[in-house]
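Enquirer: the following block contains a protein sequence and its predicted model.
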Amino acid sequence: MAAIEILDLEKSYLVGFWRKRPKLALRPLRLTIEDGEVFGFLGPNGAGKTTTLKLLMGLVFPTAGSARILGMEMNDPRVKSEIGFLPEQPYFYDHLSARELLNYYAQLSGVPTKGRSARVEQMLERVGLRDAAGVQLRKFSKGMLQRVGLAQAILHDPKLVFLDEPMSGLDPMGRREVRDLIQQLRSEGKTVFFSTHILSDAEALCDRVGVIHQGELRGVGAVAELTSERQAKMEIIFCATTVPPGLTSLGAEARVSGDMVNAVLPEEQQDAALEVLRRERIKLISLTPVRRSLEEYYIQKLRPVEARKNEIPKADDQKDKDDDRENDARIEASRKGVGA
Amino acid sequence: MNSRIGYIAFNTFREAVRDRVLYNLIAFALLLSGAAILVGEISIDIERLVVVNLGLTAVSLFGVVIAIFIGIGLVSKEIDKRTLYTVLSRPVRRWEFVVGKFFGLTGTLVVNTLFMAVGVFLALLYVAHKFEKMDVWVLAALYFIVLQFLIVCALALFFSSFSTPLMAAVFTFALFVIGSLSEDLRGFARITSGVGGWLATAIAYLVPNFSALNVINQVAHGDPVPGRLILYNTVYALLYSAMAISGAVLIFQRRNLK
């Protein structure tokens, strides 16, 4: 069963004082997230990530379209018992201590009275806030508030966790801890849907990513496939203090650092380049195919549609189409399942 | 009561207490003890009248100010500070949230009024040296003041559900003032004919009838409060508050929390 099925969800706001006109915040979005998957929703600020999450949380209402969460309509009250949500830059009742806040949220989430306190203490321990549990939240740093936010999102043991920019504003240690927590959630079989613009985190954590820009989903793909894709280029690292002229004439882009040279050149020039190094008696250190990073995929997807059309079609575009088709097929199949 | 509403109400009460809302009691205690001492020095057999009038008017004004200024921020503050996001992403319905906040604030005002009522009776004991049978009607006046708070809280919530906090405060306070003069407005409507008369009648019946809930002068003179008035006022205040809260819920249900 798909954990989330987003079916052409769309949101526009009316802006202007006298003559109200609609402003599209999210173009029809169609996306399926599988059960147990860690999905990264990537995009720059204002791309539509938070709007999507707010729509799924029922905080704003869609202009069109719908979504199913854990097999239920997104506005079904039962959904809320099965999901956890960390908003971007979360604010909490600062008159409460971390323990009181988690206890309050546990009550609202329907955590049974018996075992509620133990569950709260367990969460405080898990996010490293046991020593500050009795301190009012108004005295907490941003990183500590983020930890409280994570604790409240997973407090009631939800099947599906939505995290909006969970690493935003955290120091390296804090980011590491959040990464570890998401890894733990994955190992517990939870589905995690998180938005971020920190690509290294997405690359390290996600099974799949989707790129959204200007309210439009620009592409979806499996991280392993996107980053394993070869780019028909080779990277050669060798010992030298200057770039041999023969290599430059082969179209290599070289960079000298200390007594090492790092050169990238077309794959078909690989043998000729090795011949140049052999002739010059230069010591070869490594020869590796250049793989595409998630960043390159992201940047490519962010470019205007017109600019992308002028590019030679690449393998990933075909793969995106395949993914989209697969998505559609899954949605269709689940619809039939529901209808039956 | 639905348990989630109870949790939200308790949290609202706790927030008000920790934000030192009950500190108004200090000002109230100072005002009342000062007045009692002054009255004890200078008055000639009107100590009871002055203390009851002053005490109950102060209870009413302190409470109305708290009801308006906290009431207008009950929901809008939660939207602005985004504390609402983590509440509504749980199995909490929007109407439960609004009703819970309403009960939380009215609970705060009831506790506040209880403390102030103790202050009024202590001042009364200080100036009159003993309680009299007619003092029981002071309790009825205090009960009517609490009913006023219910309506003011509900109105503040209603106005804040579609306007800015400042405008909501202005609207609520304006209705409190007009509602306190509603008997005069009804009298004016009776002697006016034509469109003006219709308009005055419509406004007089639309605005909350706070003047019916004000028996301060009556009890200060030791006059009894009829049981029928207590019943009518209770039903009226509950219905009026329920209508205002329903309006607030209807608007809030459709609101996009940007």
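Expert: Perfect, I can see it now. Numbers count the residues shown, from 1 in each chain, chains lettered A, B, ... in the order given.
Enquirer: helices and strands around the helix or strand containing A:Asp271, which ones?
Expert: Using DSSP states H and E, the element containing A:Asp271 is helix A:270-279. Contact here means 3 or more CB pairs under 8 Å, 6 or more residues apart in numbering or on different chains; DSSP states H and E; on that basis helix A:270-279 packs against strand A:230-239, helix A:245-248, strand A:284-291. Any C-beta I mention is one placed from the backbone N, CA and C, and that applies to glycine too.
Enquirer: what residue lies at the spatial centre of the chain?
Expert: No chain in the question, so chain A it is. A:Gly40 (2.0 Å; CA atoms, centre = their mean).
Enquirer: that's the wrong chain, I meant chain B
Expert: Central residue of chain B (CA atoms, centre = their mean): B:Phe149, 1.4 Å from the mean position.
Enquirer: quick one, what contacts it?
Expert: Contact analysis of B:Phe149 by CB atoms under 8 Å, 6 or more residues apart in numbering or on different chains lists B:Gly63, B:Val64, B:Ala67, B:Thr106, B:Leu109, B:Val110, B:Thr113.
Enquirer: burial of the fourth one, as a residue count?
Expert: When you say that, I think you mean B:Thr106. 22 (other CB atoms under 10 Å in any protein chain shown).
Enquirer: next: the second one.
Expert: Other residues lying near B:Val64 total 23 when counted by other CB under 10 Å.
Enquirer: that older thread, spell out for me the PyMOL command that would select the buried members of the contacts of B:Phe149.
Expert: The PyMOL selection below is limited to those of the contacts of B:Phe149 classed as buried (16 or more other CB atoms under 10 Å in any protein chain shown):
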select buried, chain B and resi 63+64+67+106+109+113
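Enquirer: now the contacts of B:Phe149 as TSV including pLDDT, distance to chain A and secondary structure?
Expert: Formatted as TSV, the contacts of B:Phe149 follow (pLDDT from 0 to 100; distance: CB to the nearest CB, whole Å; DSSP: H, G, I helix; E, B strand; the rest coil):
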residue	pLDDT	distance to chain A	secondary structure
B:Gly63	92	21	helix
B:Val64	94	24	helix
B:Ala67	92	20	helix
B:Thr106	96	19	helix
B:Leu109	94	18	helix
B:Val110	95	20	helix
B:Thr113	93	22	helix
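Enquirer: which pair in the contacts of B:Phe149 spans the largest distance?
Expert: B:Val64 and B:Val110 (14.1 Å; CB to CB).
Enquirer: got a list of contacts for the helix or strand of chain B with the lowest mean pLDDT?
Expert: None of the helices or strands of chain B scores lower by mean pLDDT, DSSP states H and E than helix B:24-42, at a mean of 79. The contact list for helix B:24-42 (CB under 8 Å, 6+ apart) reads B:47, B:50-51, B:54-55, B:58-59, B:62, B:66, B:112, B:115-116, B:119-120, B:123, B:126-127.
Enquirer: same thing with stretch B:222-232?
Expert: So stretch B:222-232 is contacted by B:Arg48, B:Glu132, B:Met134, B:Trp137, B:Ala140, B:Ala141, B:Tyr143, B:Phe144, B:Ala212, B:Val215, B:Gln218, B:Val219 (CB under 8 Å, 6+ apart).
Enquirer: how does it look with 6 Å?
Expert: B:Met134, B:Trp137, B:Ala140, B:Val215 (CB atoms under 6 Å, 6 or more residues apart in numbering or on different chains).
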